[in-house]
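Student: Got a predicted structure plus its sequence, pasted below:
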Protein chains: 2
Amino acid sequence: MPRVLLIEDDPSVREGVELGLRRRGHEVRTAATGESGLAALAEFRPDLLLLDLMLPGMNGVQVCRRVREDSQLPIIMLTARGDDFDVVIGLEAGADDYIVKPARTEVIEARIRAVLRRIEAPGGRPSVEFHGELAVDRAGLTVAKNGERLALAPSEMKLLLHLTAAPEQVFSRQQLLEHVWEHSYHGDARLVDACVRRLRNKIEDTPGSPRYIQTLRGFGYRFGPL
Amino acid sequence: MPRVLLIEDDPSVREGVELGLRRRGHEVRTAATGESGLAALAEFRPDLLLLDLMLPGMNGVQVCRRVREDSQLPIIMLTARGDDFDVVIGLEAGADDYIVKPARTEVIEARIRAVLRRIEAPGGRPSVEFHGELAVDRAGLTVAKNGERLALAPSEMKLLLHLTAAPEQVFSRQQLLEHVWEHSYHGDARLVDACVRRLRNKIEDTPGSPRYIQTLRGFGYRFGPL
DNA sequence: GCGAACGGTCATCGTCCGGTCACATCCGCC
DNA sequence: GGCGGATGTGACCGGACGATGACCGTTCGC
């Protein structure tokens, strides 16, 4: 039976989940804050971490990142309905799944099993690509930078997805027009410039000297985090 | 036959894999630590890197990231069953594939072939040609020397691509004008000289006595690393 | 029906590139 | 050894390319 560490500040939730999991044979340790949780992690050595998003002091994402710095420990995020939790943020921080509270013990346990199964049989994780500080979720059509979700316009999203599909590869304006804009447009290739600029303004720290989308004068554009 | 660098601390595994690959005609170099592996990388210049996940000192992921900083070298991770290895982490670090140890030599070699095939096929990682210390990436339109990217102007890039497409072959100025400058220009053939010079200044150690682009007096130019 | 956001266009500006020139250097040939 | 043609070298400057900001018609959501 998997050993579970639960980090949760709300005593009622904490005790409820703990009790439910214990009844089903799990070994459970709990902590009320991120800091004490990290300490418990070291000595308890759980097989899985249940981590509340909203915590006093360090929040869940911070704890998650900290854990990920030196461990691949499976992590499930707990989020209250109404928390403005973004899946991409959580996954980028390194979480393996998330559960919306309140949830029945059966649900929680099912998720625990699912995550542990996925970890053992690799390949099942959501499709999130990392490019430097950018996290691109193709399935969810979301992009996050440093954990912060970016609002991309549809054409910008298409363009980014196309470029990141083949990093380090150069695409001419014509190629991009054909693939991103498909057959809907046969006008000026300078349109690509405009879209690239708008995209840069959102994903680059310094759009003037871009890090992600590079210009190859006379050829086209290329995506590639340096 | 691909040249393989194997970084693996366990001597029995290291020697076993090395022997198996050598028997099949691969040129193999080995290293026991990440640090020595990186050093071997620079001088051995392998076509592919087999990288153990768990290493004393720098671990495999760290080595992988380090290599990726300045190279697209294909990398296959080796993981022991039970290592809490996450595919996503590995792939994020830049690995191209992973193998769970212990594995038969046939399996390892099959993976090596598969990865190299993917690399060469378009859409995967860029296909890189090596000419001496020069790495030419046609898909990504980048040229690196000793792992360091060079900033080539468009015409210089075109010229280099044309010359490297047929190493050792002599092109007259007229031919180069037609192919590199296409029909956009019908002026002085001395223009080629200027471009060659600019290119030499960037790729040659001693532009005065060039190693890569040789002059055939009265005929033209030829690319061929000595 | 209104407003915002998206996307396509235009004009302007800065910069890098590349074509040219003048001169130095090298090589071959007489 | 001198001469002439071919190539190497450095500098210059005009122009092309891309970046940038602004504008506006359209479309979508509320």
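Tutor: Cool, got the structure. Numbering: from 1, shown residues only, chains lettered A, B, ... in the order given.

Student: so what are the domain limits for chain A?
Tutor: For chain A, automatic domain parsing gives the domain ranges A:3-120, A:152-223.

Student: now those as a markdown table including mean pLDDT?
Tutor: A markdown table is the format used below for the domains of chain A (pLDDT from 0 to 100):
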| stretch | mean pLDDT |
| --- | --- |
| domain A:3-120 | 78 |
| domain A:152-223 | 86 |
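
Student: looking at these, which is buried most?
Tutor: Mean neighbour count (mean count of other C-beta atoms under 10 Å in any protein chain shown) peaks for domain A:3-120 among the domains of chain A, with a mean of 18. From N, CA and C alone the C-beta is placed, and that goes for glycine too.

Student: For A:Val180, which residues are in contact?
Tutor: Residues near A:Val180 by C-beta atoms under 8 Å, 6 or more residues apart in numbering or on different chains: A:155, A:158-159, A:162, A:195.

Student: again, only this time at 10 Å
Tutor: Counting by C-beta atoms under 10 Å, 6 or more residues apart in numbering or on different chains, A:Val180 touches A:155-163, A:171, A:191-192, A:195.

Student: again with A:Arg173
Tutor: A:Arg173 makes contact with A:188-193, A:196, A:219-221 under the criterion C-beta under 10 Å, 6+ apart.

Student: In the sheet, which residues pair with the closest residue to DNA strand D within chain A? Tell me.
Tutor: The minimum distance from chain A to DNA strand D, using C-beta to the nearest atom of the strand, falls at A:Thr215 (3.4 Å). Beta bridges link A:Thr215 to A:Tyr221 when assigned by DSSP bridges.

Student: A:Pro207 is in contact with that one, correct?
Tutor: No - A:Thr215 is beyond contact range of A:Pro207, at 11.5 Å (criterion: C-beta atoms under 10 Å).

Student: hey, what's in contact with both of these two?
Tutor: Residues touching both A:Thr215 and A:Pro207 (C-beta under 10 Å, 6+ apart) are A:196, A:200.

Student: Any idea what the residue lying closest to A:Arg45 once chain neighbours are set aside is bridged to?
Tutor: Using C-beta to C-beta, 6 or more residues apart in numbering or on different chains and skipping residues adjacent in sequence, the residue nearest A:Arg45 is A:Arg3, 7.3 Å away. Beta-bridge pairing for A:Arg3 (DSSP bridges): A:Glu27.

Student: before we move on, what about A:Ile7?
Tutor: With DSSP bridges as the rule, A:Ile7 is bridged to A:Ala31, A:Leu51.

Student: In this structure it contacts A:Phe44, no?
Tutor: No - using C-beta under 10 Å, A:Ile7 is not in contact with A:Phe44; the gap is 11.3 Å.

Student: Need the residues touching each of these two.
Tutor: Counting by C-beta under 10 Å, 6+ apart, the residues touching both A:Ile7 and A:Phe44 are A:29-31, A:37.

Student: which one of those is nearest DNA strand C?
Tutor: Nearest to DNA strand C among those, counting by C-beta to the nearest atom of the strand, is A:Gly37 at 38.0 Å.

Student: so where does that closest one fall, helix or strand?
Tutor: Assigned by DSSP states H and E, A:Gly37 belongs to helix A:34-44.

Student: In chain A, mark out all the helices, start to finish.
Tutor: Ranges of helices in chain A, per DSSP state H, are A:11-23, A:34-44, A:60-69, A:87-93, A:105-120, A:154-165, A:173-180, A:190-203.

Student: for these, which one sits closest to B:Leu55?
Tutor: With C-beta to C-beta as the criterion, B:Leu55 lies closest to helix A:60-69 of these, at 17.6 Å.

Student: can you tell if the closest one touches chain B?
Tutor: Yes - with C-beta under 10 Å from any C-beta of the partner chain as the measure, helix A:60-69 is seen reaching chain B through A:Arg68.

Student: State the distance from A:Phe135 to A:Ala144.
Tutor: One correction, residue A:135 is Ala, not Phe. Distance from A:Ala135 to A:Ala144, counting by C-beta to C-beta, to the nearest Å: 4 Å.

Student: could you list every residue that touches A:Arg113?
Tutor: Counting by C-beta under 10 Å, 6+ apart, A:Arg113 touches A:2, A:48.

Student: how near is it to A:Cys64?
Tutor: In terms of C-beta to C-beta, A:Arg113 sits 20 Å off from A:Cys64.

Student: Please apply the same query to A:Val107.
Tutor: 21 Å.

Student: A:Ala153 and A:Thr105, how far apart?
Tutor: Computed as C-beta to C-beta, the A:Ala153 to A:Thr105 distance reads 43 Å.

Student: OK, contacts around A:Val4?
Tutor: A:Val4 is in contact with A:17-18, A:21-22, A:26-30, A:44, A:46-50, A:74, A:76, A:108-109, A:112, counting by C-beta under 10 Å, 6+ apart.

Student: swap in A:Val192?
Tutor: Counting by C-beta under 10 Å, 6+ apart, A:Val192 makes contact with A:159, A:171-177, A:180-181, A:220-221.

Student: What parts of chain A come near DNA strand C?
Tutor: Residues of chain A found near DNA strand C (C-beta under 7 Å from any atom of the strand) are A:151, A:153-156, A:181, A:184-185, A:187-188, A:190-191, A:194-195, A:198, A:217-218.
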